[in-house]
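Participant: Compute the structure for the input listed below.
(chains A and B)
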There are 2 protein chains.
Amino acid sequence: MDFSSKLLENAVYEMSQLPGIGKRTALRLVLHLLKRPNEQTSKLTNALQVLRNDIKFCSNCHNISDTATCEICASPRRDKSLVCVVEDIRDVMAIENTSQYNGLYHVLGGKISPMEGVGPQDLNINSLVKKVKLGEVKELIFALSSTMEGDTTNFYIYKQLEGLQVRTSTIARGIAVGDELEYADEVTLGRSIVNRIPFENSLKAN
Amino acid sequence: MDFSSKLLENAVYEMSQLPGIGKRTALRLVLHLLKRPNEQTSKLTNALQVLRNDIKFCSNCHNISDTATCEICASPRRDKSLVCVVEDIRDVMAIENTSQYNGLYHVLGGKISPMEGVGPQDLNINSLVKKVKLGEVKELIFALSSTMEGDTTNFYIYKQLEGLQVRTSTIARGIAVGDELEYADEVTLGRSIVNRIPFENSLKAN
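Facilitator: Here you go, the predicted model:
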């Protein structure tokens, strides 16, 4: 693209470094900011800069936090014997939104993926094992995505925990609530039959 | 969404004010910045802030520019008797990319749209009429989008120019290069037949 302004070109370039934002979209976003009052741009840039400079990660669960220990880990009403292992911060938010979980979290920061050069040492696995060794945790719930990488990560952590007194579980896989059976894939449908639950349990949730 | 951090919530909110960016996308973009080195965020926020503070609009054609008069208007190699009327800055870029146009531009900043509360006084129409009255412009090329609003804007400007010595033209509408006739809509195909051009002319471009 031929920009008549170096400033514009630079802003579009930086914007297009964000994932899923191509040059055209970046241009549209930047021109939108130019049409708006100056303060909208200041608000955006300040919010991003303050976040980047001041954000902390919880020393216990590695969740994003404004303080050294996140709200969830600090809360006295949370069950500290239950730890849900997730890939990233968005998964914490997703589970929190269900209002069905009352334990703590442990954010790994990704999953083991040799293809992308992510090994166990790049993830927050050591701190998880340490936490379990302290003996306070009774159950680990694996809530990683059910891909090859997710399964590998689950298994790696499982192996690290050998000999330790801790129960492990994974979240249930099955047909989504509201979905039609006939459109479900065979693997999911198969798992949901093998791992069927007592009918009374299905009445508990919601 | 339930954010564990006010800073994050604020950054996501500001990001989601951009057009086409919902809360989820905003969160993905912001978390991406958090994963990257601090300097990527600084570069982005600086580029946006500098652009917003220092950008100028060309006093002649209203195109975006780093200087008081844009490169195109300042160029001695441009044909100053030819002015192409466009909606916004992106149209200038699109036409410049074709390398087929050697005249100047006039950026209206939108089109007349009563539905969106945009009247003629909100657009750079007066400065265009003034420019034509100075007598240097020999031809105006209307290159607005062929919608109701675009046609209204064309016609309004055309009326304002009554009695002035200036030729007016619009860009050709027709089947796109490389497109199959059978898939073209009737209006476009109809126009491309009515406004057919001498065969020799079609050999000139490219």
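
Participant: Just give me the longest strand of chain A.
Facilitator: When chain A is parsed with DSSP state E, its longest strand is strand A:79-86.

Participant: on contacts alone, who are the packing partners of that one?
Facilitator: The contact analysis (3 or more Cβ pairs under 8 Å, 6 or more residues apart in numbering or on different chains; DSSP states H and E) places strand A:79-86 against helix A:89-98, strand A:103-107, helix A:126-133, strand A:139-142. Glycine gets a C-beta too; all of them are placed from N, C-alpha and C.

Participant: Check what pLDDT residue A:100 gets.
Facilitator: pLDDT recorded at residue A:100 is 88.

Participant: count of residues packed around it?
Facilitator: Using other Cβ atoms under 10 Å in any protein chain shown, residue A:100 has 10 neighbouring residues.

Participant: returning to that earlier point: return the most buried member of the helices and strands packed on strand A:79-86.
Facilitator: strand A:103-107 (a mean of 24; mean count of other Cβ atoms under 10 Å in any protein chain shown).

Participant: elements contacting it?
Facilitator: Partner elements for strand A:103-107 (3+ Cβ pairs under 8 Å, 6+ apart): helix A:71-74, strand A:79-86, helix A:89-98, helix A:126-133.

Participant: mind showing which ranges of chain A have poor pLDDT?
Facilitator: A:1-2, A:205-206 (pLDDT under 70).

Participant: Enumerate every residue touching the residue nearest the centre of it.
Facilitator: With distances taken as Cα atoms, centre = their mean, the residue of chain A nearest its centroid is residue A:88 (2.4 Å). Contacts for residue A:88 (Cβ atoms under 8 Å, 6 or more residues apart in numbering or on different chains) come out as A:107-110, B:31.

Participant: And these, which of them are buried?
Facilitator: A:107-110, B:31 (16 or more other Cβ atoms under 10 Å in any protein chain shown).

Participant: List of residues touching the longest strand of chain A?
Facilitator: The contact list for strand A:79-86 (Cβ under 8 Å, 6+ apart) reads A:61, A:92, A:95, A:101-108, A:128, A:131, A:136-144, A:157.

Participant: Could you write out the alpha-carbon coordinates of that strand in PDB?
Facilitator: C-alpha atoms of strand A:79-86 as PDB (Å, rounded to 0.1, in the frame of the first residue of the first chain):
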ATOM      1  CA  ASP A  79     -11.800 -24.400  48.400                       C
ATOM      2  CA  LYS A  80      -7.900 -24.500  48.500                       C
ATOM      3  CA  SER A  81      -7.800 -28.300  48.200                       C
ATOM      4  CA  LEU A  82      -9.200 -28.200  44.700                       C
ATOM      5  CA  VAL A  83      -7.000 -26.900  41.800                       C
ATOM      6  CA  CYS A  84      -8.100 -26.600  38.200                       C
ATOM      7  CA  VAL A  85      -5.200 -26.700  35.700                       C
ATOM      8  CA  VAL A  86      -5.800 -24.500  32.600                       C
END
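
Participant: domain parsing for chain A?
Facilitator: A:6-54, A:64-171 (automatic domain parsing).

Participant: now the last one, how far from the chain's geometric center?
Facilitator: Relative to the chain's own centre, domain A:64-171 is displaced by 10 Å; criterion: Cα atoms, centre = their mean, to the nearest Å.

Participant: in the longest strand of chain A, what's buried?
Facilitator: Within strand A:79-86, the residues that qualify as buried are A:82-86, counting by 16+ other Cβ under 10 Å.

Participant: ok, is stretch A:114-125 in contact with chain B or not?
Facilitator: No - Stretch A:114-125 is not in contact with chain B by Cβ under 8 Å from any Cβ of the partner chain; minimum separation 11.8 Å.

Participant: Can you give me the first-to-last residue distance of that stretch?
Facilitator: 16 Å (Cα to Cα, to the nearest Å).

Participant: For that stretch, report the contacting residues that lie outside it.
Facilitator: Here stretch A:114-125 makes contact (Cβ under 8 Å, 6+ apart) with A:62, A:106-112, A:153, A:156-157, A:160.
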